[in-house]
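Engineer: missing the sequence, but the structure's below:
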């Protein structure tokens, strides 16, 4: 996996041994199967699924086991199975905040029939810089930075275990 | 950058890995506090609190600010400002997990198709496909 960073943007690329259509489908329709923050979902209820309505303007939201829904953002571009661009509107405390506008742009390129390159860019991160106070508060929130770090460590260990 | 970030995160995890330190960190996250103020809220001596704060400071999680004659500890703004670093790490983990899941789904879908059409060859091919996938993951 390669990484490029500047102040306001994160770029990642990964190659997966899966056909283009599978890569796109898993990324967009099975988010809850790979999203690393399952315990840091934003709703009150346990998260049942994270859903993207497959069209421009479609919602990107989380559905709890009790049927309640919480927005994460919406779809800016939809070109299955080649590209999806999402407006990510979660703040530093992992709460929906319509004033936070960051974009997650993901491109899928077939290398051959059974492998796909995925290029991800998460941009507009300067949106977080405007709210320094909220970021400080994020330290004490259970789902904040603190919890994220712990969860990150846990997930990293789980991946390590999976790979033996 | 990636190695440096991983190292910084590892230090943070280690620093927060101690239950008392996590409590100290949670307290000063709510409001900047002096060593004495932290010690008053926890069943821990002042020297012990100082030691915990030093470990948190070394990990880049807290910093010292002076308000008049008081020395107050608070979350390190650089660490907070590196939310971008966190998002960077988040996508690292996210894409690693996405890769595992996409390849699992790809293998599951490849298997029944092959066994339906070529049951005998499937038995020979499957270990190779798995080995290839594993080789790919190790890269």
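Structural biologist: Nice, thanks for sending it over. In this text the structure is predicted, and so the values were computed from the model without any measurement. Numbers count the residues shown, from 1 in each chain, chains lettered A, B, ... in the order given.
Engineer: Residue A:116 pairs with what?
Structural biologist: Note on residue A:116: beta-bridge partners residue A:16, residue A:110, judged by DSSP bridges.
Engineer: doesn't residue A:14 make contact with it?
Structural biologist: No - applying C-beta atoms under 8 Å as the test, residue A:116 and residue A:14 come out as separate, 9.2 Å apart. In this view, the C-beta of every residue, glycine as well, is placed from N, C-alpha and C.
Engineer: between the two, who's got more neighbours?
Structural biologist: In this view residue A:116 and residue A:14 are compared by other C-beta atoms under 10 Å in any protein chain shown, and residue A:116 has more residues nearby, 25 against 20.
Engineer: Doesn't residue A:11 lie inside a helix?
Structural biologist: No - counting by DSSP: H, G, I helix; E, B strand; the rest coil, residue A:11 falls outside a helix, being strand.
Engineer: Remind me what the helix or strand containing residue B:26 packs against, helices and strands.
Structural biologist: Per DSSP states H and E, residue B:26 falls inside helix B:19-30. In terms of contacts (3 or more C-beta pairs under 8 Å, 6 or more residues apart in numbering or on different chains; DSSP states H and E), helix B:19-30 is packed against helix A:145-162, helix B:2-16, helix B:35-41, helix B:46-58, strand B:70-75.
Engineer: Report the angle between it and strand B:70-75.
Structural biologist: Orientation check (axes from the mean of the first three to the mean of the last three C-alpha atoms, to 10 degrees): helix B:19-30 against strand B:70-75 gives 100 degrees.
Engineer: So which bits of helix B:19-30 are buried?
Structural biologist: Of the residues in helix B:19-30, B:21, B:22, B:24, B:25, B:27, B:28, B:29 count as buried by neighbour count, 16 or more other C-beta atoms under 10 Å in any protein chain shown.
Engineer: what separates the third one from residue B:39, distance-wise?
Structural biologist: When distance is defined by C-beta to C-beta, to the nearest Å, residue B:24 is 9 Å away from residue B:39.
Engineer: Overlap in contacts, these two.
Structural biologist: Shared contacts of residue B:24 and residue B:39 (C-beta atoms under 8 Å, 6 or more residues apart in numbering or on different chains): residue B:49.
Engineer: Only the buried residues of the helix or strand hosting residue A:61, if you could.
Structural biologist: Element membership of residue A:61, judged by DSSP H and E, is strand A:59-64. For strand A:59-64, a neighbour-count test (16+ other C-beta under 10 Å) marks A:60, A:61, A:62, A:63, A:64 as buried.
Engineer: would you list those in JSON lines and tack on distance to chain B and pLDDT?
Structural biologist: Output for the buried residues of strand A:59-64, formatted as JSON lines (distance: C-beta to the nearest C-beta, whole Å; pLDDT from 0 to 100):
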{"residue": "A:60", "distance to chain B": "15", "pLDDT": "94"}
{"residue": "A:61", "distance to chain B": "18", "pLDDT": "92"}
{"residue": "A:62", "distance to chain B": "15", "pLDDT": "88"}
{"residue": "A:63", "distance to chain B": "19", "pLDDT": "88"}
{"residue": "A:64", "distance to chain B": "21", "pLDDT": "84"}
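Engineer: quick one, strands of chain A?
Structural biologist: Using DSSP state E, the strands of chain A run over A:2-6, A:9-16, A:47-52, A:59-64, A:69-79, A:83-88, A:102-112, A:115-123.
Engineer: Would you single out the least confident of those strands?
Structural biologist: When the strands of chain A are ranked by mean pLDDT, strand A:2-6 comes last with a mean of 46.
Engineer: a helix runs through residue B:90, doesn't it?
Structural biologist: Yes - using three-state DSSP, the assignment for residue B:90 is a helix.
Engineer: Please tell me how far it sits from chain A.
Structural biologist: Remark: distance between residue B:90 and chain A (C-beta to the nearest C-beta, to the nearest Å) = 6 Å.
Engineer: That residue: how many residues sit nearby?
Structural biologist: Neighbour tally, residue B:90, other C-beta under 10 Å: 21.
Engineer: give me the number of residues near the closest residue to residue A:114 other than its chain neighbours?
Structural biologist: Of all residues not flanking residue A:114 in the chain, residue A:19 sits nearest, at 5.8 Å (C-beta to C-beta, 6 or more residues apart in numbering or on different chains). Neighbour count for residue A:19, taken as other C-beta under 10 Å: 21.
Engineer: got it, and the one 4 residues further on?
Structural biologist: Counted with other C-beta under 10 Å, residues neighbouring residue A:23 total 30.
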